[in-house]
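[1] sequence plus the predicted model coming up.
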2 protein chains.
Amino acid sequence: FVCQAYASQASALITKPSLQPYLFIYLFFKVGSCSKMTPSKRSPVLVDGVVLNGPQTDVKAGEKFVEEACRLIMEEVVLKATDINEKVCEWQPPEQLRQLLDLEMRDTGEPHDQLLRLCRDVIRFSVKTNHPRFFNQLYAGLDYYSLVARFLTEALNPSTYTYEVSPVFLLAEEEVLKKMMECVGWKEGDGIFNPGGSVSNMYAMNLARYKYCPDIKEKGLSGLPRLILFTSTECHYSMKKAASFLGIGTENVRFVETDGRGKMIPEELEKQIQQAKQEGTAPFLVCATSGTTVLGAFDPLDEIADICERHGLWLHVDASWGGSALVSRKHRRLLRGIHRADSVAWNPHKMLMAGIQCCALLVRDNSDLLKKCYSAKASYLFQQDKFYDVSYDTGDKSIQCSRRPDAFKFWMTWKALGTLGLEERVNRALALSRYLVEEIKKREGFKLLMEPEYANICFWYIPPSLREMEEGPEFWEKLSLVAPAIKERMMKKGSLMLSYQPHRGKVNFFRQVVISPQVSREDMDFLLDEIDNLGRDM
Amino acid sequence: FVCQAYASQASALITKPSLQPYLFIYLFFKVGSCSKMTPSKRSPVLVDGVVLNGPQTDVKAGEKFVEEACRLIMEEVVLKATDINEKVCEWQPPEQLRQLLDLEMRDTGEPHDQLLRLCRDVIRFSVKTNHPRFFNQLYAGLDYYSLVARFLTEALNPSTYTYEVSPVFLLAEEEVLKKMMECVGWKEGDGIFNPGGSVSNMYAMNLARYKYCPDIKEKGLSGLPRLILFTSTECHYSMKKAASFLGIGTENVRFVETDGRGKMIPEELEKQIQQAKQEGTAPFLVCATSGTTVLGAFDPLDEIADICERHGLWLHVDASWGGSALVSRKHRRLLRGIHRADSVAWNPHKMLMAGIQCCALLVRDNSDLLKKCYSAKASYLFQQDKFYDVSYDTGDKSIQCSRRPDAFKFWMTWKALGTLGLEERVNRALALSRYLVEEIKKREGFKLLMEPEYANICFWYIPPSLREMEEGPEFWEKLSLVAPAIKERMMKKGSLMLSYQPHRGKVNFFRQVVISPQVSREDMDFLLDEIDNLGRDM
């Protein structure tokens, strides 16, 4: 250990050119004084001015740093995550936050105590998405099991392309996919975990296109008729991103009208398909949504599947958000007909709290379509003369090369809770949503946008000054300013976070999302009380 | 706390329908016995058979589980990572491993001690990619700083779409991108971290296409002339994946011949562009590679940039692997001319050990091209009436919606080591590579494929039985069996891992990759000794 330190000191000297002539003498002297070294190790090996003997890093100091940081993370994040007396966020505008944090990376490094202080600051000014009163997105809460799995995989740092590098994680992925497909109602099929619901939708769009015309993989779209896909007006914005990225073009996404609850109207879909065919274009795909982003609406899958069958169209279901209802015997009826889909996107990192990112694309086909569509057969990675069954090298089914073991964290949660425990979580989140809806109906100044089907509760808060006003243009204009103003106040106070948005002609309203089992009805009451507190003077 | 436990017991009872009639009595009795409760909290709120009072999870037990698991991870992964007496892997074929691990997810969950045993098994049978003798991929080693940052972000679970949810991590990303652009030699520009080098290449291809013809975003490729891109025969396989995914088609990727060291021949590029133009197709992009996957070759960027300028083509440099040389004043000459690129892919998770995934796409344009090309303006996420400067909501530049804070872990390492520390790592890895090359030249039975430019050392091991044989077809056929056989033996022994592959007419050879500062010249000696040990009887 002492010799290593000398070597690294020497290495530091080497970077100063003026000292180089003296280097060998220095090394000889210092190394010579290490009594425990074997003769063969006495002479340091130098290449390009770098000492190559022994490892370069101070392992003990590194390990101690990790230990101390883990303690900090445990105390400041994990133990405080469930404490409602903590703030959800400590708001600072960008320019001020830049001043408060020492973000600049310099030529020389910082000592460990300074790095730990930085970690503390990072935690302090970060939003506590684990907090029981973080309702801002379609994910929330702290799942201890998934968290442990994530710590484990970060420490092991695997990449799930080949069985040889990632044996356990590939088997776990296979197991998780199998269970998820069971939930969908398939006896067999295929699937892949990937970096997000948006990417899942891209995968599906490309698969459907490949199935429609395999030649596109080699020849591209140039010279082909326009490919057309259908989705509802309430679909996720990734549909447009995907169509543009895949060279299909956003104009070739046909948006099908929805009913008052945000569900695709099957008759409208039928009309649009007919029309596209009359135009001489090439319809190839329908994307239904199970759990829309804003309203939490579920498209009628059975009726849509009938239409897809009739027209020979691929049915993809974007169940990124709503898929989790499949684990609940009570609520899975929301996705009735999903077994008829050709592909399903489902993100356990949302309602099932697996941690971002944890997203599966499931494919009903069992003729190895994913592989046919995506493989590029890299000979440096997917050697065919390996000594084990290379069908376990599933990386060639992916658009990625390196790929994170995202299935594993969901596997751990599933192991810990069992299917019944997952079901209980979903049931509880939806029961809490029901409770909130009933409370909103009871309270003065709160107005529900619509009866929700799922965990998205959309509502307006109408401040006292607007309560007597007629619901005309002036009312809506004034109301549109309320949610952003209350949001600003709650962020600055740090008491809770929920999102707001305008949506299809409706002015800014709050969207409350219930997920975490650490949330209770007391938090629902607090939410409504607090909005009222913050907006009462408006 | 006691009341919570009763509530959860009651909740368990509810799942048994036969017990439901008795439930209210049970709750009344039990809750009544909690003397500390305030009157308003005495009555449990039940919706759909679910008790909504108080949080559902046993927080203390969960926290204890995380603490115990952290200890296990520290002992079994972090502390053992640098120990060369540990195995790199404990090989089990898929079917046996499935027997050894209890992977099945059941209806009911497992207790904590069983989960900890599972974690231990997962670690045991996982490949130790942190091990000093893991040389199998283009990543390796353990960086304590990046690891801490990863633990931190996993605990905080942010998503980097908006400043409101991810203030610190978006500022850190901005800072890291700025420094990376400085390394490339740009004064300004833009960029985004994304899930992999393959995805970076897709981003770049789509950006180049958008620049070439912005209408494609809306109208798609249908009816357009064939878009053509050029890359070398040594490029990463993601180029083909990208061309197929983006609807361009793999046939429209023109592969430019390389010289003996694997570098693109500029004259060949020029010829191919001329030819494509004569064919009436639409060339739009040249993808050069800085650090090819197998040979570690660097395309001559300056010459290629000249050609791109002359023809008005976008120049993308895939420096996923080689980009890290930019932090070294000694080795950055490998990428001379990179400042002239329009976009650069660079993965700090490779040579700079940031942990998978950590991948940036950098873009020279400063007219907000990323945003123009990718934005879908989701009104539920990127509200324009927020109370802060929404230019910090960078999520709409991405093809993803949820996005991991991948820049942050690299930021932490950079803070800890400084630019000089990063430089030292790269210099040392390349010095070790030089050392290995010289040793290979000295040793009998080892034959270098070519003089490497970077950290990929490609070589054959020629076992004694082949050493006297003439280098004819029989020799090469027999030699092609050697590397797979040695690989099998090393995996089963667990003593080291390095990859082999056939490549463009060359039969199976080893590719040794040096990255980690925990590796020393003793490991290089061991590598050659061990291969000789394992193959001496062949």
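    Structure received.
[2] what mean pLDDT does the helix or strand where A:Ala155 lies get?
    Per DSSP states H and E: A:Ala155 is located in helix A:144-156. For helix A:144-156, mean pLDDT is 98.
[3] report the backbone C-alpha coordinates of it in PDB.
    In PDB, the C-alpha atoms belonging to helix A:144-156 read as follows (Å, rounded to 0.1, in the frame of the first residue of the first chain):
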ATOM      1  CA  TYR A 144     -38.300  -0.400  -0.600                       C
ATOM      2  CA  TYR A 145     -37.900  -3.500  -2.700                       C
ATOM      3  CA  SER A 146     -37.500  -2.000  -6.000                       C
ATOM      4  CA  LEU A 147     -35.000   0.500  -4.400                       C
ATOM      5  CA  VAL A 148     -32.900  -2.400  -3.100                       C
ATOM      6  CA  ALA A 149     -32.900  -4.000  -6.500                       C
ATOM      7  CA  ARG A 150     -31.800  -0.700  -8.100                       C
ATOM      8  CA  PHE A 151     -28.900  -0.300  -5.600                       C
ATOM      9  CA  LEU A 152     -27.900  -3.900  -6.400                       C
ATOM     10  CA  THR A 153     -27.900  -3.400 -10.100                       C
ATOM     11  CA  GLU A 154     -26.100  -0.100  -9.900                       C
ATOM     12  CA  ALA A 155     -23.400  -1.700  -7.900                       C
ATOM     13  CA  LEU A 156     -23.100  -4.700 -10.300                       C
END
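[4] next, the angle helix B:144-156 makes with that helix.
    160 degrees (axes from the mean of the first three to the mean of the last three CA atoms, to 10 degrees).
[5] C-terminal to helix A:144-156, what's the next element?
    Following helix A:144-156 in sequence, per DSSP H and E, is helix A:167-184.
[6] touching chain B at all, that next one?
    Yes: applying CB under 8 Å from any CB of the partner chain, one finds helix A:167-184 in contact with chain B at A:Pro167, A:Val168, A:Phe169, A:Leu171, A:Ala172, A:Glu175, A:Val176, A:Lys179. Every residue, glycine included, has its C-beta placed from N, CA and C.
[7] circling back: which elements pack onto the helix holding A:Ala155?
    On a contact count with 3 or more CB pairs under 8 Å, 6 or more residues apart in numbering or on different chains; DSSP states H and E, helix A:144-156 meets helix A:406-442, helix B:59-73, helix B:112-125, helix B:144-156.
[8] please point out which parts of the longest one sit buried.
    Okay, so that is helix A:406-442. A:406-437, A:439-440 (16 or more other CB atoms under 10 Å in any protein chain shown).
[9] measure stretch A:99-106 end to end?
    16 Å (CA to CA, to the nearest Å).
[10] no no, stretch A:465-482
    Start and end residues of stretch A:465-482 are separated by 11 Å (CA to CA).
[11] next: stretch A:115-133.
    29 Å.
[12] just how off-centre is it within its chain?
    On the basis of CA atoms, centre = their mean, to the nearest Å, stretch A:115-133 sits 19 Å off its chain's mean C-alpha point.
[13] is any part of that stretch close to chain B?
    Yes: against chain B, stretch A:115-133 shows contacts by CB under 8 Å from any CB at A:Leu115, A:Leu118, A:Cys119, A:Val122, A:Ile123, A:Phe125, A:Ser126, A:Val127, A:Lys128, A:Thr129, A:Asn130, A:Pro132.
[14] just read off the phi/psi values of A:Thr250.
    Main-chain torsions, A:Thr250, degrees, to the nearest 10: phi -70, psi -30.
[15] go ahead and confirm it touches A:Lys240.
    Yes: when contacts are counted by CB atoms under 8 Å, A:Thr250 is listed as touching A:Lys240 (4.7 Å).
[16] and the two? Which one has more around it.
    Neighbours per residue (other CB atoms under 10 Å in any protein chain shown) separate A:Thr250 from A:Lys240, with A:Lys240 holding more: 22 against 16.
[17] what helix or strand is the more buried one on?
    Going by DSSP H and E, A:Lys240 is in helix A:238-245.
[18] that helix - contacts with which helices or strands?
    Checking 3+ CB pairs under 8 Å, 6+ apart, helix A:238-245 ends up next to helix A:197-212, strand A:227-232, strand A:253-256, helix B:216-219.
[19] rebuild these as a markdown table, extending it with distance to A:Ala69, mean pLDDT and mean neighbour count.
    Below are the helices and strands packed on helix A:238-245 laid out as a markdown table (distance: least, CB to CB, whole Å; pLDDT from 0 to 100; neighbours: other CB atoms under 10 Å in any protein chain shown):
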| stretch | distance to A:Ala69 | mean pLDDT | mean neighbour count |
| --- | --- | --- | --- |
| helix A:197-212 | 31 | 98 | 25 |
| strand A:227-232 | 45 | 98 | 26 |
| strand A:253-256 | 46 | 98 | 20 |
| helix B:216-219 | 44 | 96 | 20 |
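[20] among these, which is nearest B:Arg71?
    Closest approach to B:Arg71 among the helices and strands packed on helix A:238-245 (CB to CB): helix A:197-212, 34.7 Å.
[21] who wins for neighbours among the residues of stretch A:115-133 next to chain B?
    Within the residues of stretch A:115-133 next to chain B, most neighbours by other CB under 10 Å means A:Val127, with 29 neighbours.
[22] which SS state does that residue fall under?
    coil (DSSP: H, G, I helix; E, B strand; the rest coil).
[23] so it makes contact with B:Ser166?
    Yes: at 6.9 Å, A:Val127 counts as touching B:Ser166 under the criterion of CB under 8 Å.
[24] got any residues that touch both of the two?
    Here A:Val127 and B:Ser166 have B:Pro158 as joint contacts, going by CB atoms under 8 Å, 6 or more residues apart in numbering or on different chains.
[25] returning to what we had before: could I get the helices and strands packed on helix A:238-245 as CSV with distance to B:Ile73?
    Output for those, formatted as CSV (distance: least, CB to CB, whole Å):
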stretch, distance to B:Ile73
helix A:197-212, 29
strand A:227-232, 43
strand A:253-256, 45
helix B:216-219, 45
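[26] quick one on the thing from earlier: cross-check the buried residues of helix A:406-442 against chain B and keep the overlap.
    A:408, A:411-412, A:414-421, A:424-425, A:427-428, A:430-432, A:434-435.
[27] ok, the residue nearest to A:Gly220 when sequence neighbours are not counted - contacts?
    Spatial nearest neighbour of A:Gly220, excluding adjacent residues (CB to CB, 6 or more residues apart in numbering or on different chains): B:Gly249 at 2.7 Å. Contact partners of B:Gly249, counting by CB under 8 Å, 6+ apart, are A:Ile216, A:Lys217, A:Glu218, A:Lys219, A:Gly220, A:Leu221, A:Ser222, B:Arg226, B:Ala243.
[28] now do 6 Å
    Going by CB atoms under 6 Å, 6 or more residues apart in numbering or on different chains, B:Gly249 touches A:Glu218, A:Lys219, A:Gly220.
[29] count of neighbours near the last one?
    By other CB under 10 Å, the residues close to A:Gly220 number 26.
[30] pLDDT value on it, please?
    Predicted confidence (pLDDT) for A:Gly220: 97.
[31] my guess is it contacts B:Ile248, does it?
    Yes: in this structure, A:Gly220 is within contact of B:Ile248 by CB atoms under 6 Å, at 4.8 Å.
[32] near chain B, which residues of the stretch 151-300 of chain A show up?
    A:151-152, A:154-157, A:159, A:165, A:167-168, A:171, A:175, A:179, A:195-196, A:198, A:206, A:217-222, A:224, A:226, A:237, A:240-241, A:244-252, A:293-294 (CB under 6 Å from any CB of the partner chain).
[33] same check on the stretch 401-538 of chain A?
    Residues of the stretch 401-538 of chain A lying near chain B (CB under 6 Å from any CB): A:401-402, A:404, A:414-421, A:427-428, A:431-432, A:434-435, A:484, A:488, A:501-502, A:517-518, A:520-521.
[34] pass me the low-pLDDT residue ranges in the stretch 301-450 of chain A, would you?
    Within the stretch 301-450 of chain A, no stretch falls below the threshold (pLDDT under 70).
[35] now for A:Tyr454: which residues touch it?
    Applying CB under 6 Å, 6+ apart to A:Tyr454 gives the contacts A:Gly291, A:Gly296.
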